[in-house]
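[1] pasting the structure only:
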């Protein structure tokens, strides 16, 4: 098994400032863009069929998040994912609330066939996407990451990519190896879009680090470290959000090397 | 007249973590979600006809805010409000800028026939919705809550629900009783979406407190108390927004019991 | 050449609280609205064809920003710009990412024929809109304002309006006079929507100051001064955003009179 070199991943991200094409939900576009700017990436939110394919062809990575999807943006997501697949650009699928709602569940099932480099979601979403669950409560998970581990591994083997399940301890797998990322803060779940922004951070790392398991683990560690730092300064969920962005900016390769990461 | 037990309302909210389905405008989705998370509710923003009816059927309450409405989301709002009506889920109508713009004024007139549990708006909006005014200046009110009191009462008797008029002193009525909520801060009107987020807070309270007048008063008191606390710490409207979210998290039943609430 | 009286421009803005109709991208609606509220203007985001013409007719100024444009909002932009032109209301065009994407580039070319009072963009966008460049990297500029000066001047003479090119030193021209605005902070480029919000601030100033070159310079100076003040207090890009809004509120005519503004 390759060593997980988080320091190198952090340095590679800062050195290359990847252009991350985001097709994401309207609730979280702002915090996703700000999180990407904070880690040194360049976000661009282009989510219409008239432009999505054209832009995916020049981006460093693509994020597809189905949070507030509709017919128009679903079509843009299909175009962007297909283009990314064809030109070999890594793309990330965030199956928000999949399982509980029919339209997006069918869309996500189609998208998964386009082989996302990474699927990132909560346990209920990953279980539903893998065909092993019925989704959570709205955007909340009603399952634990460990309960989704087997389904995550199967999904990873099916896509040939990485599957990451967010929770108090995140679980990241390529279907063979499993890495757990601890730390973080419960305040992340009190900040709308923090998980969705993590999807953007994952896209930025997979654009800049060749080993995808390492890239996804680095992204989760980056977000968790920043959350811990912010939680120590915040007076509540409102101030936390701003301090978390500050901390995303401050985390570097040296900090990543000290993250709570456990390979199994 | 039943006593207004705000302490119990605050406790009921925290104990039940209601799932609030929001169909709201794109300017305020983020602050609405964050305000709901801060008070302990679970927000979900599902605003497309493909999913809105399906989701309204499982939500604890529904918020319909016409702030940036268009054909597509108008259809979703009709579906969600109709479903909520049919299954007996309380829903809240926020008639943003109704009166001044034809399309949304006609939509709001239709929606009001589906008997919202609560209408919450500024005075110009409530006057226009009640058929007694022509709306304000964009999203701003050009009338006072007291000037809208009679129209609010008539509207409440027509819907069989509660009508709340926001202003320096909020007026809440069921068409019979009138309750006024003071406190708050002018900085609320300098923060985009604070009033719209209040609509979400109202939905969370009506989902968890049986007496609807009490629920709506508790929501207004919660927001006003948090605004006062935040205004005491803020250096301006930008820091206020984050501190207000912190304070929404901190307000509990004990604090609510001390709010500036006057029954008439 | 008329003197550039920034003090008077700042006072005029505060005294008139202009109603700014924004058709802007969904990533930046919130910060644009908050920036406008902070400077004392009244924002309203109405971006559907069903309402955009009706609202443009009553607004003090109109902002058209093509950041996340689609067929529906493109049609609303055409209606709003046409109405503004016909009734003599000043309107501002922000050609986000024009040059790099076909759909919005064609739209912006059409809109420019409706003679915007101001075009505000980064250097790559202005070069592309003037027909002298191919756009930047997503929403980022790959050119400097000085490199776009000639194209900006030609564009200004073509529209009969002002063209402003944002950068470390902003360049503002009416095709004859050139004014440079310094100051600001690199943190502005780390905050999503700061440049787009500047477009809204420009619209507010052109609604309230008769000399349009002065109005546009005042808007840039206002934003730059606020950024400098916020940068001195911020711990990173997250806290910067909130402090910048605080500082936008604090800048007045006296402060503007001390801005780093150089006429050539």
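    That came through, no problem. From a predicted model like this one, the values you see are computed outputs, not experimental measurements.
[2] residue at max distance from the center of chain A?
    The centre of chain A is farthest from one residue, residue A:235, which by CA atoms, centre = their mean lies 26.7 Å away.
[3] right, and that residue touches residue B:246 too?
    Yes - look at residue A:235 against residue B:246 with CB atoms under 8 Å: they come within range, at 5.0 Å. Every C-beta, even on glycine, is put in place using the N, C-alpha and C of the backbone.
[4] center of chain A, which residue is that?
    residue A:199 (2.1 Å).
[5] per-residue pLDDT, that residue?
    On pLDDT, residue A:199 comes in at 98.
[6] which phi and psi does the residue nearest to it when sequence neighbours are not counted have?
    Spatial nearest neighbour of residue A:199, chain neighbours left out: residue A:94 (4.1 Å); criterion: CB to CB, 6 or more residues apart in numbering or on different chains. Per-residue torsions, residue A:94: phi -110, psi 100 (degrees, to the nearest 10).
[7] so how far is chain C from residue A:94?
    17 Å (CB to the nearest CB, to the nearest Å).
[8] that residue pairs with what?
    Beta-bridge pairing for residue A:94 (DSSP bridges): residue A:65.
[9] mind pulling up the pLDDT for it?
    For residue A:94, the model assigns a pLDDT of 98.
[10] that one against residue A:203, yeah?
    No - Residue A:94 is beyond contact range of residue A:203, at 9.5 Å (criterion: CB under 8 Å).
[11] what sits in contact with each of those two?
    Shared contacts of residue A:94 and residue A:203 (CB atoms under 8 Å, 6 or more residues apart in numbering or on different chains): residue A:63.
[12] please say which of those two ends up with more neighbours.
    residue A:203 (34 against 31; other CB atoms under 10 Å in any protein chain shown).
[13] so what's that one up against?
    A:18, A:20, A:22, A:61-63, A:90-92, A:118.
[14] so which strand or helix has it?
    helix A:194-208 (DSSP states H and E).
[15] spell out which parts of chain A neighbour chain C.
    A:19, A:21, A:26, A:29-30, A:33-34, A:37-38, A:42-48, A:50-51, A:54-55, A:58-59, A:72, A:241-250 (CB under 8 Å from any CB of the partner chain).
[16] 6 Å instead?
    A:19, A:26, A:29-30, A:33-34, A:37-38, A:42, A:44-45, A:48, A:50-51, A:242, A:245-246, A:249 (CB under 6 Å from any CB of the partner chain).
[17] out of those residues, which sit inside strands?
    Of the residues of chain A next to chain C, the ones assigned to strands by DSSP state E are A:19, A:42, A:44-45.
[18] most neighbours among those residues, which one?
    Highest neighbour count within these: residue A:45, with 26 neighbours (other CB under 10 Å).
[19] quick check: that one vs residue C:242, distance?
    According to CB to CB, to the nearest Å, residue A:45 stands 22 Å off from residue C:242.
[20] let me see the ranges of the helices in the stretch 101-250 of chain A.
    Under the criterion DSSP state H, counting those that start in this stretch, the stretch 101-250 of chain A carries helices at the ranges A:102-112, A:123-129, A:149-159, A:194-208, A:212-231, A:237-250.
[21] could you check the angle the last one makes with helix C:237-250?
    Interaxial angle of helix A:237-250 relative to helix C:237-250 (axes from the mean of the first three to the mean of the last three CA atoms, to 10 degrees): 120 degrees.
[22] for helix A:237-250, the averaged confidence score.
    The average pLDDT within helix A:237-250 is 98.
[23] got it, and the first one?
    Along helix A:102-112, the predicted local confidence has a mean pLDDT of 97.
[24] okay, the angle between that helix and helix A:149-159?
    If you take the same axes, to 10 degrees, helix A:102-112 sits at 50 degrees to helix A:149-159.
[25] again, but for the longest one
    Using the same axes, to 10 degrees, one finds that helix A:212-231 and helix A:149-159 are set 130 degrees apart in direction.
[26] helix A:212-231 vs chain B: in contact?
    No - using CB under 6 Å from any CB, we find that helix A:212-231 stays clear of chain B, coming within 11.9 Å at best.
[27] and that helix, how far out from the chain's middle?
    Mean-position distance between helix A:212-231 and its chain equals 11 Å (CA atoms, centre = their mean, to the nearest Å).
[28] give me phi/psi at residue A:49?
    Dihedral angles (degrees, to the nearest 10) for residue A:49: phi -60, psi -30.
[29] how many residues are close by it?
    Using other CB under 10 Å: residue A:49 sits among 19 other residues.
[30] which residues touch it?
    Listed by CB atoms under 6 Å, 6 or more residues apart in numbering or on different chains, the contact partners of residue A:49 are A:75-76, A:79.
[31] thinking again about what came up before, quick one: the residue nearest to residue A:199 and residue A:197 touch, right?
    No - if you go by CB atoms under 6 Å, residue A:94 and residue A:197 don't touch, sitting 10.1 Å apart.
[32] ok, and the closest non-adjacent residue to residue A:137?
    residue B:19 (6.1 Å).
[33] residues in contact with stretch A:70-85?
    Under CB under 6 Å, 6+ apart, the answer for stretch A:70-85 is A:23, A:47-49, A:52-53, A:56-57, A:62, A:64, A:91, A:107, A:111, A:114, B:48.
[34] who in the stretch 151-264 of chain A is up against chain B?
    Counting by CB under 6 Å from any CB, the stretch 151-264 of chain A comes close to chain B at A:190, A:192, A:235-239, A:242.
[35] if we use 10 Å, what do you get?
    Counting by CB under 10 Å from any CB of the partner chain, the positions of the stretch 151-264 of chain A adjacent to chain B are A:187, A:189-193, A:234-243.
[36] buried residues, stretch A:133-152. List them.
    A:133, A:135-145, A:147-149, A:151-152 (16 or more other CB atoms under 10 Å in any protein chain shown).
[37] tell me where the model's unsure across the stretch 1-150 of chain A.
    For the stretch 1-150 of chain A, the stretches flagged by pLDDT under 70 are A:1-2.
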